[in-house]
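**Student:** give me a model of this one.
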Amino acid sequence: MSKSASKVMTARTASGIARIRRQVVPALAVVLAASLAGCANRDSITVGSVPDDYRTTHPIVIAEKNQKIDLPVGAGDRGMTGAQRDTLLGFLGGYDRSAAPTLTIAMPAGSANEIAARAAGRDFARVAMAAGVKRDRIVMTSYESAVPEASAPVRVAFVAVRAQTDKCGRWPDDLTETSENKHYADFGCSYQNNLAAQIANPNDLLGPRKQSEIDAERRGRIIDDYRKVPLAIPPVNQEVDY
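**Tutor:** Numbering: from 1, shown residues only. As a prediction, the model looks like this:
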């Protein structure tokens, strides 16, 4: 091979190597920058793994809820007993007379205590009217007993707006599975249920009530009693001990 041909091949090889370097070096720079960026954002995933709290997984909502109670009646009873009366009055304590929902008294049919249950149901209706339930809001009905040989209870129910949350007892996952740093599904459910049960007026969750009128006479009496109390001024010690 002549010297001129070898010089041409050397020049071509050098230009090819330079061209490859121009293509490879930027690609390596991009890969290196991406790997460094991944290392820089490594700790941000830990903060994002903290889950929401129990107030979002078990929220307290205001909705209609069926309030009911089963009052047992013996086959030999002849009307309402004193214990049944006290229990019924306690149940009617949650009845809103201003809303006046329908009060349903369901008596069993085809049970061993059918006759006694009808007599007790009529007494329950009279107690409800005495407690403030309007006569036209009481519905007397019956239901078929599942076991004819047994004594079925008299069911008293009405629909009211209550603060409530979902039912507790969901265990879809193993409690030892904590790799995602999340609380378990039932966490805080019993607390939310107890809090909702203690709310007498669910409208308090929507906003504050209107301020009541000020008792001017009571306020004036308290201010007068405060003025009659002498102000105790502690003595001032002028001596200084070192």
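**Student:** let me know the pLDDT of Asp224.
**Tutor:** Note on Asp224: pLDDT of 89.
**Student:** ignore the last one, Pro208
**Tutor:** Looking at Pro208, the pLDDT reads 86.
**Student:** which secondary structure state does it sit in?
**Tutor:** coil (DSSP: H, G, I helix; E, B strand; the rest coil).
**Student:** which ones are touching the spatially most central residue of the chain?
**Tutor:** Residue closest to the average C-alpha location in the chain (C-alpha atoms, centre = their mean): Ile60, at 3.0 Å. Counting by C-beta atoms under 8 Å, 6 or more residues apart in numbering, Ile60 touches Ala163, Gln164, Thr165, Gln192, Leu195, Ala196, Leu205. For every residue, glycine as well, the C-beta is placed using N, CA and C.
**Student:** just the residues you listed: which are in strands?
**Tutor:** Assigned to strands by DSSP state E, the following of those qualify: Ala163, Gln164.
**Student:** and of the contacts of Ile60, the nearest to Thr81?
**Tutor:** Of all the contacts of Ile60, Gln164 has the smallest distance to Thr81: 31.6 Å, by C-beta to C-beta.
**Student:** re the thing from before, between the contacts of Ile60, which sits nearest Gly121?
**Tutor:** Of the contacts of Ile60, the one sitting nearest to Gly121 (C-beta to C-beta) turns out to be Gln164, at 28.3 Å.
**Student:** once you drop chain neighbours, what's closest to the closest one?
**Tutor:** Nearest non-adjacent residue to Gln164, counting by C-beta to C-beta, 6 or more residues apart in numbering: Ala196, 5.3 Å away.
**Student:** give me the pLDDT value at that neighbour.
**Tutor:** 91.
**Student:** quick one: contacts for it?
**Tutor:** Taking C-beta under 8 Å, 6+ apart as the contact definition, Ala196 lies against Ile60, Arg162, Ala163, Gln164, Thr165.
**Student:** do the same with Ile199
**Tutor:** Ala163, Leu205.
**Student:** look up how far Gln211 lies from it.
**Tutor:** When distance is defined by C-beta to C-beta, to the nearest Å, Ile199 is 20 Å away from Gln211.
**Student:** next, count neighbours for the nearest residue to Gln84 once chain neighbours are set aside.
**Tutor:** With sequence-adjacent residues excluded and distances taken as C-beta to C-beta, 6+ apart, Gln84 is closest to Leu71, at 5.2 Å. Look at Leu71: counted by other C-beta atoms under 10 Å, it has 21 neighbours.
**Student:** and if you look at Glu177?
**Tutor:** The number of residues packed near Glu177 is 9, by other C-beta under 10 Å.
**Student:** over to Phe158?
**Tutor:** Around Phe158 there are 24 residues (other C-beta under 10 Å).
**Student:** state the mean pLDDT of the host helix or strand of it.
**Tutor:** Element membership of Phe158 [criterion: DSSP states H and E] is strand 154-164. Across strand 154-164, the average pLDDT comes to 93.
**Student:** helix, strand or coil for Arg126?
**Tutor:** Secondary structure assignment for Arg126 (three-state DSSP): helix.
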